[in-house]
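Asker: Sequence below, structure please.
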Amino acid sequence: MGVTFAKRPSLVAYLTCGDPDLPTSREVALAAISAGAEVLELGVPFSDPVADGPVIQRASERALRNGTSLDQVLTLASEIRRESDAGLIIFTYLNPVLRMGMGKFAERAAASGVDGALITDLPVEEADEYLRQMRKRNLVTVFLAAPTSTDERLKRIAEASTGFVYAVSRTGVTGARKDLADDAQKLVQRLRKFTKLPIAVGFGISGPEHFAAAGKFADAVAVGTAIVHTIEQNPGKEAQAVAKLITQLSAVSPQPSASDRRASRARGVAGRDLEF
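Answerer: Numbers count the residues shown, from 1 in each chain. Below you'll find the model as predicted:
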């Protein structure tokens, strides 16, 4: 249990929970882990997902029509935790957390066995109470860092993040793209000045070439739209299709993780220099 990246690049898989239904989400989650995902982002459907593109918007609409709630996602997380030690992060907008109550959310999250949360529209400048409640329960707090952020803000994001930092590969909403933006590598380089935490790159990762490219400068790669689209396009065989996708995406030669490299250096073994 815990947010660890054993290989580089590691794969972080995003699911919109409740799409097409909660039992299927559970099957997909476990299949994703078996196929090689090291961390799962359990997406809470929201009525106004402003950071998401049309694929995840449609998934949220389907999940909401099923009545999927934050409470149900936390229950789903506890079911996954009973069967897996993979990293589990609740990925949500702020409104569902406020409706539940910040303290109750942190309490429920800890009880469910998740490792932490990423609240996509919570600015780090307004996160003091959230950080207090999460840290009281030893829960990971992941924040988004954008290419447009100033160095001062990146430093604050890095200081508030635990577990890992999520680097948004480009401005705009989530969604598959043909090319991985150059902004992603530049952003990771800037973040490394402020943190020793692993850095995951997301937004726009849709194929093995993106995964391999991002893995040259990031510790992990977050894949969301491609997974949600695969679920949408494969009714009745969602879990198998997602497992196949993850196997294809991660079919690159893994490099040592940051912790492995540090251990190698401690033993006096010359490690590959991956500090960019």
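Asker: And the strands in the chain?
Answerer: According to DSSP state E, the chain carries its strands in the segments 7-8, 10-16, 39-43, 87-92, 116-119, 140-142, 144-145, 165-168, 199-202, 220-223, 255-256.
Asker: neighbours around the closest residue in space to F164 that isn't next to it in sequence, how many?
Answerer: Excluding the flanking residues, the one nearest F164 by CB to CB, 6 or more residues apart in numbering is P198, at 4.3 Å. C-beta here means a position set from N, CA and C on the backbone, and glycine is covered the same way. When neighbours are counted by other CB atoms under 10 Å, P198 registers 21.
Asker: Can you give me the pLDDT of P198?
Answerer: Looking at P198, its pLDDT reads 95.
Asker: Give the residue spans of this structure that score low on pLDDT.
Answerer: Counting by pLDDT under 70, the chain contains low-confidence ranges at 1-2, 170-182, 206, 252-276.
Asker: Closest to the centroid, which residue in it?
Answerer: By CA atoms, centre = their mean, the chain has its centre lying nearest to E41, at 4.6 Å.
Asker: List the contacts of that one.
Answerer: Residues near E41 by CB atoms under 8 Å, 6 or more residues apart in numbering: 12-15, 89-91, 118, 222, 224.
Asker: Could you give the bridge partners of it?
Answerer: Y14, I89 (DSSP bridges).
Asker: what about E41, distance to G101?
Answerer: In this view, E41 and G101 are 22 Å apart by CB to CB, to the nearest Å.
Asker: what's the answer for F164, then?
Answerer: Taken as CB to CB, the span from F164 to G101 is 26 Å.
Asker: Next, give phi and psi for S161.
Answerer: phi -90, psi 140 (degrees, to the nearest 10).
Asker: Ok, which of the strands of the chain comes nearest I157?
Answerer: Of all the strands of the chain, strand 144-145 sits nearest to I157, with 4.9 Å by CB to CB.
Asker: which secondary structure elements does that closest one contact?
Answerer: helix 151-160, strand 165-168 (3 or more CB pairs under 8 Å, 6 or more residues apart in numbering; DSSP states H and E).
Asker: now the last one: how far from the chain's centre is it?
Answerer: Remark: strand 165-168 is offset 9 Å from the chain centroid, using CA atoms, centre = their mean, to the nearest Å.
Asker: Direction included, what does that strand pair against?
Answerer: strand 144-145 (parallel), strand 199-202 (parallel).
Asker: Minimum distance to V28: which of those strands has it?
Answerer: Closest to V28 of the strands paired with strand 165-168 is strand 199-202 (CB to CB; 18.2 Å).
Asker: Spit out the contact partners of L30.
Answerer: 80, 83-84, 239.
Asker: re earlier: close enough to count as contact, the residue nearest to F164 and F5?
Answerer: Yes - using CB atoms under 8 Å, P198 is in contact with F5, at 5.1 Å.
Asker: tally of neighbours for T24?
Answerer: Residues contacting T24 under the criterion other CB under 10 Å number 18.
Asker: Do I have it right that it meets A239?
Answerer: Yes - contact criterion CB under 8 Å: T24 and A239 qualify, at 7.4 Å.
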